[in-house]
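**Q** A structural model of the following input is requested.
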Amino acid sequence: ALDLLGMHAEVIVCGLSGRTAAYMASKLGTGDKESDLHELLESYGPFTVALIMAGSNDLSCSAPDAILKNLVSLHTACQERGVASLALAIPCSWVASREGFGRDARETTNRLLAEWAGEVKVDFLD
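**A** Alright, predicted model coming up:
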């Protein structure tokens, strides 16, 4: 689609399906070739921007402020390497849309992420 707009882009997908943001943050600086964002940025780069969508798997086991802390760690890893980041909201899912803890945790985490992004000038997409 970007080519149709005259913008060439190479996209690399590095999904860690089933992993928590806490796990991804814990891998920063470990040199793990599959999970360390520092390593991934350096091995596959250079990159102009990284889209970060994480936290869905944390909703049932972490408080929103803890999820935010881990998401911020991932964005900081990008910024430290000169890569802009785009913060993507935790998407709605069957579990996260049900009334109660999951939905409340998702909505609170997304609100906190949007506030943080606004403070540090990182674009946020909900």
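**Q** Could you list the low-pLDDT ranges of this protein?
**A** 1-2, 95-98 (pLDDT under 70).
**Q** Now do the same contact list for the closest residue in space to residue 54 that isn't next to it in sequence.
**A** Ranked by C-beta to C-beta, 6 or more residues apart in numbering and with sequence neighbours excluded, the top spatial neighbour of residue 54 is residue 21, at 4.1 Å. Where you see a C-beta, it was placed from the backbone N, CA and C, and this is true even at glycine. When contacts are counted by C-beta atoms under 8 Å, 6 or more residues apart in numbering, residue 21 touches 54-55, 57-58, 62, 67, 70-71, 74.
**Q** and which of those residues is nearest residue 30?
**A** The closest of the contacts of residue 21 to residue 30 turns out to be residue 74 (C-beta to C-beta; 13.8 Å).
**Q** follow-up on the earlier one: just the contacts of residue 21 now: which is nearest residue 112?
**A** The closest of these, once distances to residue 112 are taken by C-beta to C-beta, is residue 67, at 8.1 Å.
**Q** Can you give me the neighbour number for that closest one?
**A** For residue 67, the neighbour count with other C-beta atoms under 10 Å is 29.
**Q** now whichever helix or strand it is part of, how far from the chain's geometric center?
**A** Using DSSP states H and E, residue 67 sits in helix 64-80. Once both centres are worked out by C-alpha atoms, centre = their mean, to the nearest Å, helix 64-80 turns out to sit 8 Å from its chain's centre.
**Q** And for stretch 119-126?
**A** That offset, for stretch 119-126, works out to 12 Å (C-alpha atoms, centre = their mean).
**Q** Report the buried residues of it.
**A** residue 122 (16 or more other C-beta atoms under 10 Å).
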